[in-house]
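[1] Here is the input, now give the coordinates:
(one chain, ligands or ions: 4)
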Amino acid sequence: MTRRAVMRGGLAAALATMSSFGLAGCDSSSTGGNSTDNGGENPNPGPGPDPEPPASVKLGFESLPTSMTDGCVVPPGYIAHVLAPWGTPINDNALPWDKNGNNSSNDLLNSMGMHHDGMHFFPLEGSSTEGLLAVNHEYIDEKALHPNGPTLVNGKRPAEEVRKEINAHGVAIIHIRRTNGRWDIVQNSRYNRRFTSATAMKLAGPVGGTDWVKTPFSPNGTQVRGTNNNCGNGTTPWGTYITAEENWAACFVNTGIRPPHQQRVGVSAGPVGRYQWETAAKDPSEVLGEFARFNVTETGASATEDWRNEVNGFGYLVEIDPYDPSSIATKRTSMGRFAHEGCAYSKPEAGKPLAFYSGDDSRFEYVYRFVSEANWDPKDAQRTDRLAVGAKYLDKGTLYVARFNEDGSGEWLALTGSTKGKDGGTLADKFKTLEEILINTRGAADFVGATPMDRPEWTATHPSNGDIYLTLTNNTSRNASTGTNPANPRLNNVNGHIIRWHDEPGSNKFKWDIFVFGSDSGADADTNRSGLTDLNQLASPDGLGFDSRGILWIQTDNGIDGGRKNNVARATNDQMLAVIPGALADSSGTGPAINASNQSDLRRFFVGPNEAEITGFSMTPDHTSLFLNIQHPVNWPAYDTHDATVVSMNTVRPRSSTVVIQRADGKPIAV
Ligand code: FEO
Ligand code: CA
Ligand code: CA
Ligand code: CA
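    Ligands and ions are numbered 1, 2, ... in the order given. Sure thing, here's the model as predicted:
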């Protein structure tokens with residue numbers, strides 16, 4: 001051991017002793033973040049495999065009725081608090097949120113961003129009353145962000161507005177603590193930090209350092225500025241956070257000839273990118289092409305004289321070490337480049353590779369699996385150099401894409417050079433190198449004949465049996481000409497469904513079935529194949545998470561902000577439901593698992609405010625606090641209250657926010 005390591009070990013031991021005095025002491029005395037500062041030692045309790053859920057776990061609440069108000073609804077006996085809405089300062093460098101929209105770009109850099117999405121609670125020293133919350137900020141509501149919406153002056157976005165928008169995206173890490181029953185941010189904690197769409201990050205794995213990602217900012221292709229449109233999330237067995245880059249492509253514009261991979265991911269063909277950030281280029285304050293880089297048109301003589309490669313630095317799973325405030329976020333390019341929607345890992349087994357699953361959320365896109373080259377060593381869960389552990393498991397391995405067969409079997413198709421194409425030839429005939437395959441992940445998956453899905457969203461892993469669940473949110477473009485397939489069997493799939501599979505150990509084969517079909521309760525039998533009722537009708541399943549007791553939490557994003565266009569949207573706001581699934585192997589094979597015989601097993605636990613989607617799921621280790629996110633509400637949260645259930649009676653500037661749900665009696669949730 002180095003002297004430094006010995007010293008750090010000593011400090012950690014001393015702090016471990018201190019923390020045995022109890023965290024309540026920190027609650028009452030400290031407003032700073034240093035009470036649990038452990039000098040970089042691993043405060044993660046070492047997740048490894050989750051404990052076996054008790055066989056006796058049962059849902060202990062009644063299903064909620066539908067709701068359409070500007071407030072949240074929880075079951076009787078539960079409370080819900082607003083925590084860390086958009087614009088809440090995380091340190092003293094930001095002014096408080098202004099209800100007229102006048103905060104600056106610097107305020108945003110030091111506050112919670114907009115449109116909270118994927119999220120995870122990382123306990124400090126295993127605590128259920130203090131920890132770090134990592135929160136994705138997926139995108140922005142420009143109308144709410146600025147006093148009077150976005151502006152354009154002589155065809156250009158003002159630089160300050162663009163910086164404010166860029167800083168409203170990304171990820172927040174906040175140190176939070178429960179005091180007298182209510183969670184709040186520990187202001188100025190050393191852990192509090194923001195990653196934005198401008199924060200410098202590393203590009204690791206096969207694409208990093210190649211010609212694909214060389215730019216004027218990073219001539220050797222090892223870095224990129226920012227993470228963008230961070231939607232779902234994942235975690236790792238070694239205590240890091242994974243943030244998924246989803247709808248980044250249209251933020252970039254190419255007014256010249258878009259190469260096939262840019263067309264395939266949806267880089268804007270012009271005249272402008274989604275937010276027109278590139279129009280602020282040449283502002284006198286611009287630093288190193290901070291705005292120009294969103295225009296990826298080839299204009300210079302080489303890749304380091306224009307921004308043609310900037311977009312190749314986006315579309316990845318990004319690993320963040322929440323426990324080390326000095327760490328650099330790292331893009332794991334080996335895990336593929338597409339519209340990533342979350343990332344669940346397989347149940348870890350010592351001496352076996354780890355698998356990570358990620359959906360690509362667009363119509364007719366695919367679901368992917370990355371398998372590490374390294375075999376899992378449980379000691380790595382305790383290591384303190386967490387991003388080095390990440391490099392060990394996430395930079396080398398094989399990316400696969402799923403093909404679902406009619407007989408309930410499936411196959412993972414390797415995206416490597418030797419894999420045969422569905423129409424002949426091999427991937428190596430089409431793409432010369434592994435990095436070229438990864439940049440063109442969608443094109444490679446097309447070539448090998450993957451199954452086109454109904455918008456793959458989140459994945460979740462059953463804590464004891466290892467089954468993987470995937471939300472397929474909807475697909476209104478599945479029609480007679482596109483056809484159906486066994487895994488996506490409904491035409492005009494406005495309601496979506498949830499599929500699950502179980503990988504055969506040590507092989508590329510799996511078994512699958514359909515868990516539940518979304519539907520309104522009044523639909524005919526061909527649509528309402530799961531027999532849903534008024535008490536659990538759902539559409540557009542999106543966020544998904546298991547807690548360690550084996551309860552599956554399903555969240556919906558039913559497009560209500562775009563108008564109530566389906567019968568479920570006309571009946572209720574977006575919601576979160578709970579169910580305790582049996583194993584795939586227990587099913588008869590005729591499916592779906594949720595059907596007319598077991599309706600009371602699937603219960604509505606939460607309904608959100610008007611127009612908001614429900615997303616992001618995490619719980620404290622003792623299951624007494626549940627965190628979820630309200631994204632893009634229209635008139636919520638009410639001013640001058642922390643109670644998330646209060647219905648706004650006046651018009652408010654809406655704020656996406658985390659909501660913390662607890663039982664009034666402090667007992668574990670849902671049972
Ligand atoms: Fe950002 Fe796929 O929802
Ligand atoms: Ca989503
Ligand atoms: Ca949405
Ligand atoms: Ca969605």
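
[2] For this protein, list the residues in contact with ligand 2, please.
    231, 457, 542 (Cβ under 5 Å from the ion). For glycine as for every other residue, the C-beta is placed from the backbone atoms N, C-alpha and C.

[3] For the residue nearest to residue 366 when sequence neighbours are not counted, give me its contacts.
    Closest residue to residue 366 apart from its sequence neighbours, by Cβ to Cβ, 6 or more residues apart in numbering: residue 450 at 4.4 Å. Residues near residue 450 by Cβ atoms under 8 Å, 6 or more residues apart in numbering: 366, 401-403, 413.

[4] Okay, residue 450 and residue 480: tell me how far apart.
    Residue 450 sits 22 Å away from residue 480, going by Cβ to Cβ, to the nearest Å.

[5] Same check on residue 320?
    Taking Cβ to Cβ, one finds residue 320 at 44 Å from residue 480.

[6] what about the strand or helix carrying residue 629, distance to the chain center?
    Secondary structure assigned from DSSP states H and E places residue 629 in strand 625-631. With Cα atoms, centre = their mean, to the nearest Å as the basis, strand 625-631 stands 13 Å off its chain's centre.

[7] same deal with stretch 265-273?
    Computed by Cα atoms, centre = their mean, the chain-centroid distance of stretch 265-273 equals 24 Å.

[8] give the contact list for the residue of the stretch 251-400 of the chain found nearest ligand 4.
    For the stretch 251-400 of the chain, the residue closest to ligand 4 is residue 361, as judged by Cβ to the ion, at 6.6 Å. By Cβ under 8 Å, 6+ apart, the residues touching residue 361 are 231, 246, 339, 341, 455-457, 473.

[9] Show me the residues you listed that map onto helices.
    Nothing among the contacts of residue 361 maps onto helices, per DSSP state H.

[10] Quick check: what element follows the one helix or strand in the chain whose mean pLDDT sits lowest along the chain?
    Of all helical and strand segments in the chain, the minimum by mean pLDDT, DSSP states H and E falls on helix 24-29, at a mean of 29. Per DSSP H and E, the first helix or strand lying C-terminal to helix 24-29 is strand 78-83.

[11] Could you say which helix or strand holds residue 654?
    Using DSSP H and E, residue 654 sits in no helix or strand.

[12] Spatially, what comes nearest to residue 593 if we skip its sequence neighbours?
    Spatially, and ignoring its direct neighbours in sequence, residue 593 is nearest to residue 515 (4.8 Å; Cβ to Cβ, 6+ apart).

[13] and the one you found, that's in a strand?
    Yes. Counting by DSSP: H, G, I helix; E, B strand; the rest coil, residue 515 is part of a strand.

[14] For it, give me its contacts.
    469, 497-500, 581, 591-594 are the contacts of residue 515 under Cβ under 8 Å, 6+ apart.

[15] what about it, distance to ligand 4?
    18 Å (Cβ to the ion, to the nearest Å).

[16] Spatially central, which residue of the chain would that be?
    residue 232 (1.4 Å; Cα atoms, centre = their mean).

[17] got the residues of the protein near ligand 1?
    Neighbours of ligand 1 within the chain, by Cβ under 6 Å from any ligand atom: 138, 231, 246, 341, 361, 457, 542.

[18] Show me the two of those residues that sit farthest apart.
    Using Cβ to Cβ, the two most remote members of the residues of the chain next to ligand 1 are 138 and 457, lying 12.4 Å apart.

[19] For the residues of the chain next to ligand 2, pick the one with the most neighbours.
    When the residues of the chain next to ligand 2 are compared by neighbour count (other Cβ atoms under 10 Å), residue 457 ends up highest, at 30 neighbours.

[20] which one is that residue nearest to, not counting chain neighbours?
    Sequence neighbours aside, residue 471 is the residue nearest to residue 457 in space, at 4.2 Å (criterion: Cβ to Cβ, 6+ apart).

[21] which strands and helices sit next to the helix or strand containing the one you found?
    If you go by DSSP H and E, residue 471 is part of strand 468-472. Applying 3 or more Cβ pairs under 8 Å, 6 or more residues apart in numbering; DSSP states H and E, we find strand 468-472 packed against strand 353-360, strand 456-461, strand 497-503, strand 541-546.

[22] and of those strands, who's closest to residue 80?
    strand 541-546 (16.5 Å).

[23] Each with direction, which strands does the closest one pair with?
    Using DSSP bridges, strand 541-546 pairs in its sheet with strand 552-556 (antiparallel).

[24] Off-centre distance for the very next helix or strand once past the partner strand?
    Toward the C-terminus, strand 552-556 is succeeded by helix 567-571 as the next helix or strand (DSSP H and E). Mean C-alpha position of helix 567-571 versus that of the full chain (Cα atoms, centre = their mean) differs by 26 Å.

[25] Helix 567-571 close to ligand 3?
    No. Judged by Cβ under 5 Å from the ion, helix 567-571 and ligand 3 are separated, with a smallest distance of 12.6 Å.

[26] cool, and stretch 463-478?
    No. Against ligand 3, stretch 463-478 shows no contacts by Cβ under 5 Å from the ion, the least distance being 8.9 Å.
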